[in-house]
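**Student:** What would the 3D arrangement of this be:
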Amino acid sequence: MPVHHPMNRREFVQKSAMTGAAVAAAGTVAAAAPAEAADQAPAAPQHTSRTWSFSILGTTDLHSHVFDWDYYTDAAYQDGKGNSVGVARVATLIKQQRGAKGEGRVLLVDAGDIIQGTSLAYYYARVDPITGKDAPQHPMAVAMNHMRYDAAALGNHEFNYGIDVLRKFESQCRFPLLGANALDAKTLRPAFQPYTVKRICVPGAPDIKVGILGLTNPGIALWDKDNVSGKMVFPGLVEQARKYVPRLRALGCDVVFLTDHSGLDGSSSYGDELPYVENASNLVAEQVPGIDAILVGHTHVEVPSYTVKNEQTGKDVVLSEPYCWGMRLTVFDFGLELVRGQWKVKEIKAQTLNPNGVEEDADITKLLQADHELVVKYVNTPVGTCTQDLSAAESCWKDVPIMDFIHEVQMKTVAAGLSTSDAALPLISVAAPFSRTADIPAGDVTIRDIAGLYIYDNTLYGKKLTGAQLRDYLEYAAKYYHQVPSGTKVDTSTLTNANNFWDYMYDTAAGVSYDIDIAQPEGSRIQNLTYGGEAVRDDQVFVVAVNNYRANGGSGYPHIAAADIAYSSTNEIRQLMIDYVTGKGTLDPADFAATNWRLTQAGTAVF
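**Tutor:** The predicted structure is shown next:
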């Protein structure tokens, strides 16, 4: 769908931020040398030359952060680095860029993960859904339309609420959602627009044609299997870029720009579950000729500028990933020269800008303040009480009651839905400590207290693993810890996140008891694994309550993706937790808290 801008994007503004812009802005052409005398040999002809500059601004992984607000703490966002979040501040930076460089010299692109991630996102997907009767506009569509985005790539989290919600959001956007590798499962044709072509107007010269190709993450096939299986397939980024980059060049694009919801280190969190790489932006730049620059997303890191040399052409491709949630804005500055009637890219620079020093855009505040206040009221709705404070601060190295709350809800829900034969099997639960700052206070418990503990919109599965497979699963989880030899002091500030294994990837288990010996090498850490006081047998079969992300291969855990299904549900685990508190009225850790795992060093308890 083309963008309908309230302002003329082809308007010429006599201003530029790059060298030589004064000549270009005046619409002049370099003058030819004076004619030589007739008795002298003519000088070599000089080619007409013109330079021009424009910028592409980029965001990614906004995750429905509109304002600088944390719905889980009910306060302005805070972190140790002084970052702000939300597109409202980013919008101010964008206005500054357009004012400095000229409206017609700036394009705006996003690299995906837009409609999931905050209570605001959940509210408009589930509480007052955009798919309902007399449906509201999604706040991110309102904000991004106002900011005049030119295109956005599909992120994997776009599919979390199902294809119907995504399609409705797409219909509300006045810019295309691009996904060249999101294909219809039956026809293998693009299910979304693969690319768009924008024009930069240059007075007195041909327009600069900018092709923008969007690529999403192949992991969608695993992570949102329940929503996309049989409907869409997601081939690799390199494979689809090889198809579409030449097409954009054939269309006469002077600049080919990619927006990839895929990191740039060539890694995959799902191991070999898929034949395609998860974080493939560097591989695309390296293996597919004809690309000038790539806006990178998905991995929630800041990479202001990163250069990859294409292995066929030797040309440098510039990549940049701005930090997530609107904490940064990438600026790609392009310098071009008109050579024999064709624009040639001569220079590309990338940097990231921090919006924490500017005010939120007043127009976005006016447009969306009411939506924001509605969600604030919703998340502060009391659902019950708690008998004592439950903190997740030590959840990454201790078995704490707040994690047992998650396990309790998962096991009770799965137990209620098992067949008679499966109900006879031992039932356990696995879950990750998503947030170390989560805290359910003593006294009133609100929706935001629970949402702050379980921040993802995961649904629940019950899958069957043998005792041997369960041990493999827990050994895989235990690689989260750095090895700390016996006799060495354990420092919790450096203990975790070994192997780039982040908190959301680390599962603890309930229903079985076990030690994790951090003095041992990876693969030999799980000790004293028991169920009901007896050692777990290799052939013993368990039903494992697990979220859909992990059940379908997320984070690359062994065995679980291929395991038989004993239970599945489309209800979010977070809502099940809310319903649990609502139904009981009181959240009391005496009902579920049990210390069943611990860290040890050579058999001695660490804590």
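**Student:** element containing A545?
**Tutor:** Assigning secondary structure by DSSP states H and E places A545 in strand 541-547.
**Student:** which residues of the stretch 101-250 of the chain fall in strands?
**Tutor:** 106-110, 151-153, 177-178, 183-184, 195-200, 208-215, 232-233 (DSSP state E, counting those that start in this stretch).
**Student:** So which elements touch the second one?
**Tutor:** The criterion is 3 or more Cβ pairs under 8 Å, 6 or more residues apart in numbering; DSSP states H and E, and the helices and strands that strand 151-153 contacts are strand 106-110, strand 177-178, strand 208-215, strand 255-260. Bear in mind the C-beta positions are built from the backbone N, C-alpha and C, glycine included.
**Student:** which outside residues touch that strand?
**Tutor:** Defining contact as Cβ atoms under 8 Å, 6 or more residues apart in numbering, one finds that strand 151-153 is touched by 109-112, 114, 144, 173, 175-179, 196, 198, 212, 214-216, 259-261, 295, 297.
**Student:** any low-confidence regions in the protein?
**Tutor:** For the chain, the stretches with pLDDT under 70 are 1-49.
**Student:** the domain parsing of it - what is it?
**Tutor:** Following automatic domain parsing, one finds the domains of the chain at 55-374, 381-605.
**Student:** looking at the ones you listed, which is buried most?
**Tutor:** Among these, domain 55-374 has the highest mean neighbour count (mean count of other Cβ atoms under 10 Å), at a mean of 21.
**Student:** how distant is that domain from the center of its chain?
**Tutor:** Mean-position distance between domain 55-374 and its chain equals 10 Å (Cα atoms, centre = their mean, to the nearest Å).
**Student:** residues in contact with S84?
**Tutor:** Counted by Cβ under 8 Å, 6+ apart, S84 has contacts D68, Y77, G326, M327, P355, N356.
**Student:** Now tabulate these in JSON lines and tack on distance to E373 and secondary structure.
**Tutor:** Putting these into JSON lines (distance: Cβ to Cβ, whole Å; DSSP: H, G, I helix; E, B strand; the rest coil) gives the following:
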{"residue": "D68", "distance to E373": "15", "secondary structure": "coil"}
{"residue": "Y77", "distance to E373": "17", "secondary structure": "coil"}
{"residue": "G326", "distance to E373": "19", "secondary structure": "coil"}
{"residue": "M327", "distance to E373": "23", "secondary structure": "coil"}
{"residue": "P355", "distance to E373": "22", "secondary structure": "helix"}
{"residue": "N356", "distance to E373": "23", "secondary structure": "helix"}
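**Student:** wait, which of these is closest to N497?
**Tutor:** Taking Cβ to Cβ as the measure, N497 lies nearest M327 of the contacts of S84, at 20.1 Å.
**Student:** Surely the closest one is in contact with N83?
**Tutor:** Yes: proximity of M327 to N83 meets the contact threshold set by Cβ atoms under 8 Å, at 4.6 Å.
**Student:** Going by secondary structure, T595 is in what exactly?
**Tutor:** Here T595 is covered by no helix or strand, with elements defined by DSSP H and E.
**Student:** Quick check: H261 vs S391, distance?
**Tutor:** 34 Å (Cβ to Cβ, to the nearest Å).
**Student:** let me fix that: P589
**Tutor:** Counting by Cβ to Cβ, the gap from P589 to S391 is 11 Å.
**Student:** L576 falls within a helix, correct?
**Tutor:** Yes: the assignment for L576 (DSSP: H, G, I helix; E, B strand; the rest coil) places it in a helix.
**Student:** That one is in contact with V414, isn't it?
**Tutor:** No: contact criterion Cβ under 8 Å: L576 and V414 do not qualify, at 10.2 Å.
**Student:** hey, what's in contact with both of the two?
**Tutor:** Joint contacts of L576 and V414 (Cβ under 8 Å, 6+ apart) are L460.
**Student:** tell me how far stretch 534-541 is from the chain's mean position?
**Tutor:** Its chain's average C-alpha position is 38 Å from that of stretch 534-541, according to Cα atoms, centre = their mean.
**Student:** start to end distance for that stretch?
**Tutor:** End-to-end distance for stretch 534-541: 14 Å, by Cα to Cα, to the nearest Å.
**Student:** Also stretch 312-331?
**Tutor:** 27 Å.
**Student:** Just give me the residue right at the centre of the chain.
**Tutor:** Nearest to the mean C-alpha position of the chain, counting by Cα atoms, centre = their mean, stands H298 at 3.9 Å.
**Student:** My reading is that that one is in a helix; is that accurate?
**Tutor:** No: according to three-state DSSP, the state of H298 is coil, so it is not within a helix.
**Student:** need the contact list for Y270.
**Tutor:** G219, L222, E278, G553, G554, S555, G556.
**Student:** And it, its phi and psi?
**Tutor:** The phi and psi values for Y270, taken as degrees, to the nearest 10, are phi -100, psi 20.
**Student:** Check the gap between it and G112 for me.
**Tutor:** Distance from Y270 to G112, by Cβ to Cβ: 18 Å.
**Student:** try R105
**Tutor:** To G112, R105 is 25 Å away according to Cβ to Cβ.
**Student:** cool, and T59?
**Tutor:** On the measure of Cβ to Cβ, T59 and G112 end up 10 Å apart.
**Student:** can you give me the strands for the stretch 401-550 of the chain?
**Tutor:** Under the criterion DSSP E, counting those that start in this stretch, the stretch 401-550 of the chain contains strands at 427-431, 439-440, 443-446, 459-466, 508-510, 513-517, 526-531, 534-535, 541-547.
**Student:** Measure how the longest one sits relative to strand 541-547, angle-wise.
**Tutor:** Following axes from the mean of the first three to the mean of the last three Cα atoms, to 10 degrees, one obtains 150 degrees for the angle between strand 459-466 and strand 541-547.
**Student:** In the sheet, which strands lie alongside strand 459-466, parallel or antiparallel?
**Tutor:** Taking DSSP bridges as the criterion, strand 459-466 sits next to strand 541-547 (antiparallel), strand 565-572 (antiparallel) in its sheet.
**Student:** again with the second one
**Tutor:** When sheet partners are counted by DSSP bridges, strand 439-440 sits next to strand 390-391 (antiparallel).
**Student:** residue boundaries of the helices in the stretch 101-250 of the chain?
**Tutor:** Per DSSP state H, counting those that start in this stretch, the stretch 101-250 of the chain carries helices over the ranges 119-122, 139-147, 163-172, 220-223, 225-228, 237-250.
**Student:** Show residues contacting the fourth one.
**Tutor:** Read that as helix 220-223. Contacts for helix 220-223 (Cβ under 8 Å, 6+ apart): 156, 159, 182, 228-229, 232-234, 270, 273-274, 548-549, 552-554, 561.
**Student:** same deal with the second one?
**Tutor:** Applying Cβ under 8 Å, 6+ apart, the contact partners of helix 139-147 are 62, 64, 66, 87-88, 90-91, 94, 108, 110, 114-115, 120-121, 124, 152, 169, 172-175, 363-364, 367-368, 371-372.
**Student:** now swap in the first one and tell me
**Tutor:** By Cβ under 8 Å, 6+ apart, the surrounding residues in contact with helix 119-122 are 63-66, 71-72, 115-116, 139-140, 371-372, 375, 378-379, 447-448, 451, 457.
**Student:** and if we set it to 6 Å?
**Tutor:** S64, Y71, I115, P139, V375, V379, A451 (Cβ atoms under 6 Å, 6 or more residues apart in numbering).
**Student:** list the contacts for the third one?
**Tutor:** If you count contacts by Cβ under 6 Å, 6+ apart, I115 has them with A121, M140, E158, F169.
**Student:** Nearest to G314 among those residues?
**Tutor:** Distance ranking of these against G314, using Cβ to Cβ, places E158 first at 35.6 Å.
**Student:** can I assume that closest one is in contact with K168?
**Tutor:** No: assessed by Cβ atoms under 6 Å, E158 is found out of contact with K168, at 11.6 Å.
**Student:** returning to that earlier point: take the strands of the stretch 401-550 of the chain and write them to CSV, including distance to I406.
**Tutor:** Formatted as CSV, these follow (distance: least, Cβ to Cβ, whole Å):
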stretch, distance to I406
strand 427-431, 5
strand 439-440, 11
strand 443-446, 14
strand 459-466, 11
strand 508-510, 9
strand 513-517, 18
strand 526-531, 19
strand 534-535, 25
strand 541-547, 10
